[in-house]
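In: how would this look folded up:
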Amino acid sequence: MPIPRLSSANAVLLVIDIQEAFHGHIADLDRVIANAAVMCRAAAELALPVIVTEHYPQGLGRTVAPVREALPSGTPIFEKTRFSAFVPEVANAIHRLGRPNALLCGLEAHVCVMQTALDLLASGVQSFHLTDAIGAGQPLQIPPAMRRIERAGSLPTGTLSAIYELMADARHPAFRACLALAKQVRPESPEVADRIIHPPAAATSPCPRP
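Out: Numbers count the residues shown, from 1 in each chain. Prediction:
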């Protein structure tokens, strides 16, 4: 069975709903924004197409400035009200690009990101999710969402790992630029990392089984 791999020739970066109204409501949002921006700048260096979605921007605002300013020139931004970012306009854009892989980052893990990954997989597009560039207002929602999409077939990766996999070779023309970007990747805060790595055990039912 072929092992799915990322390359700048076979993937697209999908940035999901990293919008202004989420300030103050998402745990470790600065890290999500920083790493998404790094990934967008790396995409520009590696000629990796980027697609952005904004969920009901009339209420949630536009994509935050650090991410918006990092986007490659000409990046399409699609508005939506559906939770999944795999709306017809995005699906058409991905299919026009002819890319079999989609690399996901954004908000929120258990709603828009999860539903997007499931829809991508159902349509035959291999999903990869950037674990350090995905967030949620309630960090405890992240582990079950990630487990669900991984069981469905989405593959976890980190921003650093994705950048190096997309480059593939230290002789890549963008190596120095991407190396500088790699140094800007921000780790999860200790509190969020602990909750992701050590989620609480599932509660046991007090009722005896029949």
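
In: any idea which element Asn92 lies in?
Out: Assigned by DSSP states H and E, Asn92 belongs to helix 88-97.

In: From the contact counts, what lies against that helix?
Out: Helices and strands touching helix 88-97, by 3 or more C-beta pairs under 8 Å, 6 or more residues apart in numbering; DSSP states H and E, are strand 11-16, strand 50-55, strand 77-80. Glycine gets a C-beta too; all of them are placed from N, C-alpha and C.

In: what's the average pLDDT for the shortest one?
Out: Within the predicted structure, the mean pLDDT of strand 77-80 is 98.

In: Tell me which residues of it come out buried.
Out: Going by neighbour count (16 or more other C-beta atoms under 10 Å), the buried part of strand 77-80 is Lys80.

In: do stretch 135-149 as well
Out: Within stretch 135-149, the residues that count as buried by 16+ other C-beta under 10 Å are Gly135, Ala136, Gly137, Pro139, Gln141, Ile142, Pro143, Ala145, Met146, Ile149.

In: can you list the residues that contact the helix holding Asn92?
Out: Residues from elsewhere that reach helix 88-97 (C-beta atoms under 8 Å, 6 or more residues apart in numbering): Val12, Leu14, Pro49, Ile51, Thr53, Pro76, Phe78, Ala102, Ser123, Val125.

In: which one of the buried residues of stretch 135-149 is nearest Val113?
Out: Val113 has its nearest neighbour among the buried residues of stretch 135-149 in Ala145, at 7.1 Å by C-beta to C-beta.

In: Now the closest one: closest residue in space that isn't a chain neighbour?
Out: With sequence-adjacent residues excluded and distances taken as C-beta to C-beta, 6 or more residues apart in numbering, Ala145 is closest to His110, at 4.0 Å.
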